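>>> Turn this into a model:
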Amino acid sequence: MTEYYDKSRACYHRVKVYPCPKGSVRHREIVRKIGGKEQFPFLVDPNTGVSIYESGDIVKYLFQQYGKGRSPSTGLLESTLFTGWVPTILRAGRGMTLWEKARLDPPSKKLELFSFENNPNARLVREALCELELPYILQNVGTGSQRTKLLVDVSGFQEVPYLIDPNTGAEIGDYKKILAYLFQTYSAAAT
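As a prediction, this is how the structure comes out:
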């Protein structure tokens with residue numbers, strides 16, 4: 001599991017993603033137990049003990065807690081309608097439902113994905129991780145991110161998506177190869 005040290009907060013951070021597609025067999029029950037209902041997205045911040053639903057509330061919370069005085073953008077293009085729902089609709093709901101051939105047993109270690117939100121190729125990889133219900137560590141390396149150096153140290157370049165699978169030792173930087181790898185390695189037929 002990769003960690004990074006945030007000098008301004010003097011602590012290590014890890015973002016763990018537990019995909020909860022429709023038909024999920026592992027993670028939806030956890031959300032129900034912690035939050036009381038099966039609703040997504042759902043954020044659990046182990047640093048503060050806060051658990052919160054609703055994407056708008058989560059964004060506000062993250063900016064208040066970790067935004068260093070910045071406020072979330074309220075522009076039309078930044079809204080989740082255009083960055084989240086429209087691409088999902090255009091891709092016929094990909095990433096929302098458990099793939100019928102996904103393995104029931106989770107890998108022993110979380111995969112690690114270097115990504116940034118609006119990268120279309122990284123989105124395809126995140127959709128596949130969700131469809132396969134594979135928990136992973138997300139390293140957002142958008143413009144200006146201090147974690148870009150971590151990506152360069154690991155991969156030798158700044159291109160995303162970049163996937164590391166500690167279960168097999170695979171490290172892959174091409175999204176088409178990542179997708180083929182994920183579905184070949186984590187399908188029920190691969191066991």
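>>> Helices along the protein, start to end?
Along the chain, the segments classed as helices by DSSP state H run 28-35, 55-66, 80, 86-90, 120-131, 148-155, 175-185.
>>> Which of the ones you listed has the highest mean neighbour count?
Comparing the helices of the chain by mean neighbour count (mean count of other Cβ atoms under 10 Å), helix 120-131 ranks first with a mean of 20. In this view, the C-beta of every residue, glycine as well, is placed from N, C-alpha and C.
>>> List the contacts of the closest residue to F40 other than its chain neighbours.
Nearest residue to F40 in three dimensions, chain neighbours excluded: C20, at 5.6 Å (Cβ to Cβ, 6 or more residues apart in numbering). Residues in contact with C20 (Cβ atoms under 8 Å, 6 or more residues apart in numbering) are 27-28, 31, 40, 42, 130, 133.
>>> likewise I58?
By Cβ under 8 Å, 6+ apart, I58 lies in contact with 41, 43, 52.
>>> With F114 instead?
With Cβ under 8 Å, 6+ apart, F114 has these contacts: 139, 141, 147, 150-151, 154-155, 160-163.
>>> Could you work out the most separated pair of those?
Greatest spacing in these, by Cβ to Cβ: R147 and L163 (15.3 Å).
>>> Give me the more crowded residue out of these two.
More crowded of R147 and L163, by other Cβ atoms under 10 Å: L163, with 27 against 17.
>>> any idea how far that one is from S187?
Distance, L163 to S187, by Cβ to Cβ, to the nearest Å: 16 Å.
>>> remind me which residues of this structure are low pLDDT?
Across the chain, the ranges flagged by pLDDT under 70 are 1-14, 73-96, 190-191.
>>> From one end of stretch 165-178 to the other, what's the distance?
End-to-end distance for stretch 165-178: 10 Å, by Cα to Cα, to the nearest Å.
>>> which residues touch that stretch?
107-112, 121-122, 124-125, 128, 154-155, 157, 159, 161-164, 181, 185.
>>> mind listing what's buried in that stretch?
Applying a neighbour-count criterion of 16 or more other Cβ atoms under 10 Å, the buried positions in stretch 165-178 are 165-166, 172-173, 175, 178.
>>> try stretch 39-54
40, 42-43, 52.
>>> Just the residues contacting it, thanks.
Counting by Cβ under 8 Å, 6+ apart, 11, 20, 31, 34-35, 37, 55, 58, 61-62, 65 sit against stretch 39-54.
>>> from those residues, which single one is nearest L98?
The closest of the contacts of stretch 39-54, once distances to L98 are taken by Cβ to Cβ, is C20, at 9.3 Å.
>>> So what does that closest one look like in phi/psi?
Main-chain dihedrals, C20, degrees, to the nearest 10: phi -130, psi 60.
>>> how far away is it from R126?
Distance, C20 to R126, using Cβ to Cβ: 13 Å.
>>> Please apply the same query to T148.
18 Å.
>>> what do you get for N167?
Look at N167 and R126: by Cβ to Cβ, they are 18 Å apart.
>>> Sweet, I'm off.
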